[in-house]
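Asks: Everything below, folded, please.
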Amino acid sequence: MKSQNVVIGKNVKIGKNVTLGHNVIVEDNTEIGDNVFIYHNTIIGQKPLPTKILTRKTKIEGTTKIGNNVSIGSNTVIYSGCIIGVNTIIADLVAIRENCKIGAKCIIGTGVTINFGAIIKNKVRIVNSTHITSDTIIEDSVFVSTLVATTNNNKMGRSAYKMKGIHIKKGASIGAGATFLPNITVGKNAVVGAGSVVTKDVPDEKLVLGIPARIIKDTPMDLKLQTKKT
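Replies: Numbers count the residues shown, from 1 in each chain. Have a look, this model is predicted:
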């Protein structure tokens, strides 16, 4: 593919066998690994808009880094200071804000938004049109279904509040359309049923469901993260 209108900024390092689609922009201070595919109209290393409206100011933490064997779809924006791990797939129309860290072998679906400073570890799958709020931590091998909403501000921006995202522990599964209040912890191998509103912490290996979400039973074996015996 002979790309057109590609823009490469200053202090950019691009590895071997990298494919850049039409109208791709790679901003200053970006590193792209080997065998990376970035499709049309995507921006890597986007700087945040200069504005005095936002009360929260973010400081960019180092170089934007795209690991080896990463694929990034069309019309996606990855802001400066982000790190994307090896063998991760990021679909079309995704927005990943400043200083996010995404691990290896993750799948980020179409239309997903991930806000400032979120940490997503390895082998995480986030399905289309889900919102991951700032300061969230998602541990290894978590599944997050479509249309999930996470929040970080109990005052809804009306008064001072120390914003805090949620923490989803290893192997947990989140059903479609679930909503989380701020500062919630979802335990290891826990399951949150579709459409639930989670207002308090979910214990390890429990299935919760409802509005508000309540413990229904232990997590069934077929919904637990299966670990291979060595």
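
Asks: Sketch out the low-pLDDT regions of this protein for me.
Replies: 1, 51-57, 155-161, 227-230 (pLDDT under 70).

Asks: How is it divided into domains?
Replies: Domains of the chain are assigned by automatic domain parsing as 1-47+62-98, 115-225.

Asks: now the last one, how far from the centre of its chain.
Replies: Just to be clear, that refers to domain 115-225. 12 Å (Cα atoms, centre = their mean, to the nearest Å).

Asks: buried residues in stretch 172-188?
Replies: 172-175, 177-188 (16 or more other Cβ atoms under 10 Å). Placement of C-beta: from N, CA and C, glycine included.

Asks: returning to what we had before: output the domains of the chain as JSON lines; include the columns distance to residue 105.
Replies: JSON lines is the format used below for the domains of the chain (distance: least, Cβ to Cβ, whole Å):
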{"stretch": "domain 1-47+62-98", "distance to residue 105": "5"}
{"stretch": "domain 115-225", "distance to residue 105": "5"}
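
Asks: Run a quick neighbour tally on residue 171.
Replies: When neighbours are counted by other Cβ atoms under 10 Å, residue 171 registers 24.

Asks: got a list of what the residue positioned nearest the centre of the chain touches?
Replies: With distances taken as Cα atoms, centre = their mean, residue 114 lies nearest the centre of the chain, 4.6 Å away. By Cβ atoms under 8 Å, 6 or more residues apart in numbering, residue 114 lies in contact with 94-97, 100, 102, 108, 120, 132.

Asks: cool, residue 193 as well?
Replies: 175, 178, 207-210, 213, 216.

Asks: Out of these, which comes closest to residue 31?
Replies: residue 178 (35.2 Å; Cβ to Cβ).

Asks: you'd agree that closest one is up against residue 198?
Replies: Yes. Taking contacts as Cβ atoms under 8 Å, residue 178 lies within contact range of residue 198: 6.5 Å.

Asks: Overlap of the contact sets of those two?
Replies: 192, 213.

Asks: hang on, the earlier thing: biggest separation within the buried residues of stretch 172-188, which pair?
Replies: Largest pairwise distance in those, by Cβ to Cβ, is 22.7 Å, between 177 and 188.
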